[in-house]
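S.K.: 3D model of this:
(chains A and B)
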2 protein chains.
Amino acid sequence: MRKALAIDIGGTKIYNTIVNENGEITGEIEKRPTPKTFEKIREAFKSIISKYENDVDIIAISTCGAVNNSNDKILGSTGNIAKGYPDMDFKSLSKKKVFVENDANAAAWAEHILGASKGMADSIMITLGTGVGGGIIINNKLFKGKNGAAGEMHFKMRTDKHRKCTCGSWDCFEAYASGSGLKHTAEELSKNPDITTYDVIDGWKNSDKLMTEIFNKWQNDILDGLIGLSNLFDPDVIVLSGSMGEFVDTEYLTEEVNKAIITTPTRVVKAQTGNYSGMIGAALLAFGEGCNG
Amino acid sequence: MRKALAIDIGGTKIYNTIVNENGEITGEIEKRPTPKTFEKIREAFKSIISKYENDVDIIAISTCGAVNNSNDKILGSTGNIAKGYPDMDFKSLSKKKVFVENDANAAAWAEHILGASKGMADSIMITLGTGVGGGIIINNKLFKGKNGAAGEMHFKMRTDKHRKCTCGSWDCFEAYASGSGLKHTAEELSKNPDITTYDVIDGWKNSDKLMTEIFNKWQNDILDGLIGLSNLFDPDVIVLSGSMGEFVDTEYLTEEVNKAIITTPTRVVKAQTGNYSGMIGAALLAFGEGCNG
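M.R.: Modelled structure (predicted):
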């Protein structure tokens, strides 16, 4: 059975392991901090790859940032990673084929093949972490758009330039639905600039009135985003993942989305493929040569 | 060359004509008011069809309301048309094949084959009229979603339940970007409940300060919607059509969208296939047996 060296690179950590054609993790999970410069990130890649490339068939990289349709180059903005990273020449990193995909797209593919959206032709996956990632499956294919950048969850929640988004624009879904968004909402409702996401989650778990109000505002902002996505995409299912995804009430969201939409009923569910879904999905995509729509 | 009897049914008018395989209108344009009851709508269809069915190869209907993936049934809500209309059994209307598609989807297809999005794989068409219609082309196919209802331009512009939408929910793009949306925005900014869309357009053309402010607010709400759609779909082009579409400044919108998005540059342009694009697109789709993604 073919094997991939799978690497996941985000703003803070690089993970790597071995994933087989069934999407099973067959190696150790290795982890290191993401270096702060382009050169050191390249060295880290080279070091991981030289250690494993003789034992695998392909290198599959799950990365922050949008990836082009030939799966070998980053397109534009990549958030809080070293400047110059988008210029990385992935092909030059190994004598084996190097396949690159956006981390949220890769995770959406893992869910589509093995997880919560398995067997369904049309699904949307949203990763709720410090930021928000999105991956969209249309007609059993990963939806990439004209150049590969589709699925960015940056649509506006208001039009009065209230809250700046990390993307440079204002009031995107990411700026409200993310963990950082929850902190901003908490600051606004509590008038306490030092309040943390942890404070809110902890207070909400203990039925604190203000913390519950903040949590509900955050969750209802997510709900409003999901209503729009459902009307645009008429998906079978919307899958929520990520560190913040574990707190949302998917039964409530499913009920409220279906009350509001004019498309056909959908479901909001939690992801099933775990913390390493980006590496699993990138490997599965690499074996299937992209499966892009 | 094959010919279709093309029919377009909206809340106020029914049009019909003959469209050939090249998308050329080869018949007279006939027009009648949309009857107020299901039975009378059915009679109108029967009357048009019996007059022409022997001379054509297929019946192509462009309709308000979402249409299922087998293009023979309306799904759910259809706005201001007779109750019961979604139960129409289109197949029973003719001995020839009857093909049905949503009017905005049909118009998007006409633009894709013959108009402003010709030769481009990924496009979004938005019809700005009394309401807002949407049709999305992905990878050269009409995007329908799991059941056929995709492309509804009902994503939220704010989350504080400010303006009711015709869909029953609150603050959808349609409620701001449509002609009715412009009237509501005008009422809010002028404090005059009797102000009309015509007053705004007329004042804006004559550089009236308040009317220009109202017009710009309306156009910037459209802009904010297009930014979200561009980040979600990474389209080659966004095509604007409809009676209100003629007033927007597509150069301004293109420039501002491209400043704000994190996907790759796109263009906002005006539609080219004219007032009967729904009938043209429905006929072209019918000849191609749907071309659904």
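
S.K.: which stretches of the stretch 1-150 of chain A form helices?
M.R.: A:38-52, A:103-114 (DSSP state H, counting those that start in this stretch).

S.K.: Mind putting those into JSON lines with mean neighbour count, mean pLDDT and distance to A:G148?
M.R.: To be clear about C-beta, it is placed using only N, CA and C from the backbone, and glycine gets the same treatment. JSON lines is the format used below for the helices of the stretch 1-150 of chain A (neighbours: other Cβ atoms under 10 Å in any protein chain shown; pLDDT from 0 to 100; distance: least, Cβ to Cβ, whole Å):
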{"stretch": "helix A:38-52", "mean neighbour count": "16", "mean pLDDT": "97", "distance to A:G148": "20"}
{"stretch": "helix A:103-114", "mean neighbour count": "29", "mean pLDDT": "97", "distance to A:G148": "9"}
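
S.K.: okay if I get those helices as a markdown table plus distance to chain B?
M.R.: Formatted as a markdown table, the helices of the stretch 1-150 of chain A follow (distance: least, Cβ to the nearest Cβ, whole Å):
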| stretch | distance to chain B |
| --- | --- |
| helix A:38-52 | 20 |
| helix A:103-114 | 12 |
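
S.K.: Can you add distance to A:A121 and give the ones you listed back as CSV?
M.R.: Shown next, in CSV, are those (distance: least, Cβ to Cβ, whole Å):
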stretch, distance to A:A121
helix A:38-52, 35
helix A:103-114, 9
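
S.K.: from the stretch 1-150 of chain A, which residue is nearest to chain B?
M.R.: Nearest residue of the stretch 1-150 of chain A to chain B: A:G145, at 2.6 Å (Cβ to the nearest Cβ).

S.K.: tell me the contacts of that residue?
M.R.: Going by Cβ atoms under 8 Å, 6 or more residues apart in numbering or on different chains, A:G145 touches A:151, B:122, B:233-235, B:263-264.

S.K.: what's the answer for A:F155, then?
M.R.: A:172-173, A:225, A:228, B:155, B:227-229, B:231-232.

S.K.: Quick one: the strands in the stretch 151-293 of chain A, in order.
M.R.: Taking DSSP state E, counting those that start in this stretch as the test, the strands found in the stretch 151-293 of chain A are A:237-241, A:267-270.

S.K.: Tell me which of the ones you listed is the most buried.
M.R.: Among the strands of the stretch 151-293 of chain A, ranked by average contacts under mean count of other Cβ atoms under 10 Å in any protein chain shown, first place goes to strand A:237-241 (a mean of 26).

S.K.: just to revisit the earlier point, for B:H112, find the nearest of the strands of the stretch 151-293 of chain A.
M.R.: Taking Cβ to Cβ, strand A:237-241 is the member of the strands of the stretch 151-293 of chain A nearest to B:H112, at 27.5 Å.

S.K.: Any chance you could list what contacts that closest one?
M.R.: For strand A:237-241, contacts defined as Cβ under 8 Å, 6+ apart pick out A:107-108, A:111, A:115-117, A:120, A:123-128, A:226, A:229-230, A:248, A:250, A:253, A:257, A:266-271, A:277.

S.K.: Now find how far off-centre that strand is within its chain.
M.R.: With Cα atoms, centre = their mean, to the nearest Å as the basis, strand A:237-241 stands 11 Å off its chain's centre.

S.K.: Domain ranges for chain A, per the record?
M.R.: A:3-108+A:275-287, A:119-270 (automatic domain parsing).

S.K.: Pull out the buried residues from the contacts of strand A:237-241.
M.R.: Among the contacts of strand A:237-241, the ones that count as buried by 16 or more other Cβ atoms under 10 Å in any protein chain shown are A:107-108, A:111, A:115-117, A:120, A:123-128, A:226, A:229-230, A:248, A:250, A:253, A:257, A:266-269, A:271, A:277.

S.K.: any low-confidence regions in chain A?
M.R.: A:77-79, A:289-293 (pLDDT under 70).

S.K.: Using the centroid of it, identify the residue furthest from it.
M.R.: Taking Cα atoms, centre = their mean, the residue of chain A most remote from its mean C-alpha position is A:K209, at 31.0 Å.

S.K.: can you pull the contacts of it?
M.R.: In this structure, A:K209 makes contact with no residue, judged by Cβ under 8 Å, 6+ apart.

S.K.: Then the one 4 residues further on?
M.R.: Each residue near A:E213 by Cβ under 8 Å, 6+ apart is listed here: A:L189.

S.K.: Equivalent analysis for A:A271, please.
M.R.: Residues counted as contacts of A:A271 (Cβ under 8 Å, 6+ apart) are A:107, A:111, A:115-116, A:125, A:239-242, A:245, A:277.

S.K.: Same question for A:A4.
M.R.: A:A4 is in contact with A:18-20, A:56-60, A:282-283, A:286-287, counting by Cβ under 8 Å, 6+ apart.

S.K.: Quick check: residues of the stretch 1-150 of chain A near chain B?
M.R.: A:66, A:75-77, A:120-122, A:134, A:136, A:138-139, A:143-150 (Cβ under 8 Å from any Cβ of the partner chain).

S.K.: So A:L93 sits against A:K46, correct?
M.R.: Yes. A:L93 is within contact range of A:K46, at 6.2 Å (criterion: Cβ atoms under 8 Å).

S.K.: show me what contacts A:S243?
M.R.: Shown in contact with A:S243 (Cβ under 8 Å, 6+ apart): A:128-130, A:179.

S.K.: Need the max-distance pair from those residues.
M.R.: Across the contacts of A:S243, the longest distance by Cβ to Cβ is 9.3 Å; it joins A:L128 and A:T130.

S.K.: Need the overlap of contacts for the two.
M.R.: A:178-179, A:243.

S.K.: okay if I get these as a markdown table plus distance to A:D8?
M.R.: As requested, those are exported to a markdown table (distance: Cβ to Cβ, whole Å):
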| residue | distance to A:D8 |
| --- | --- |
| A:S178 | 19 |
| A:G179 | 19 |
| A:S243 | 15 |
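
S.K.: Which one of those residues is nearest to B:G168?
M.R.: For the shared contacts of A:L128 and A:T130, the nearest to B:G168 is A:S178 (28.8 Å; Cβ to Cβ).

S.K.: how about the strands in the stretch 1-150 of chain A?
M.R.: If DSSP E, counting those that start in this stretch is used as the criterion, the strands of the stretch 1-150 of chain A fall at A:3-9, A:13-20, A:30-33, A:58-63, A:66-67, A:74-75, A:97-102, A:123-128, A:132-138, A:141-142.

S.K.: follow-up on the earlier one: what's the closest of the domains of chain A to B:K191?
M.R.: Proximity to B:K191, assessed across the domains of chain A by Cβ to Cβ, is greatest for domain A:119-270 (18.9 Å).

S.K.: Distance from that closest one to the middle of the chain?
M.R.: 12 Å.

S.K.: Looking at the contacts of A:F155, spot the one nearest B:E30.
M.R.: B:E30 has its nearest neighbour among the contacts of A:F155 in B:L229, at 35.1 Å by Cβ to Cβ.

S.K.: Specify the beta-bridge partners of the spatially closest residue to that closest one that is not a sequence neighbour.
M.R.: Take B:L229 and drop its neighbours on the chain: the residue closest to it by Cβ to Cβ, 6 or more residues apart in numbering or on different chains is B:I124, 5.7 Å away. Counting by DSSP bridges, B:I124 forms beta bridges with B:I136, B:I238.

S.K.: circling back to that earlier point, among the shared contacts of A:L128 and A:T130, which are in helices?
M.R.: Those of the shared contacts of A:L128 and A:T130 mapping onto helices are A:G179, per DSSP state H.

S.K.: wait, what's in contact with A:T212?
M.R.: Counting by Cβ under 8 Å, 6+ apart, A:T212 touches A:203-204.

S.K.: Show the contacting residues for the closest residue in space to A:I41 that isn't next to it in sequence.
M.R.: Spatial nearest neighbour of A:I41, chain neighbours left out: A:P35 (5.0 Å); criterion: Cβ to Cβ, 6+ apart. Going by Cβ under 8 Å, 6+ apart, A:P35 touches A:41, A:43-44, A:82.
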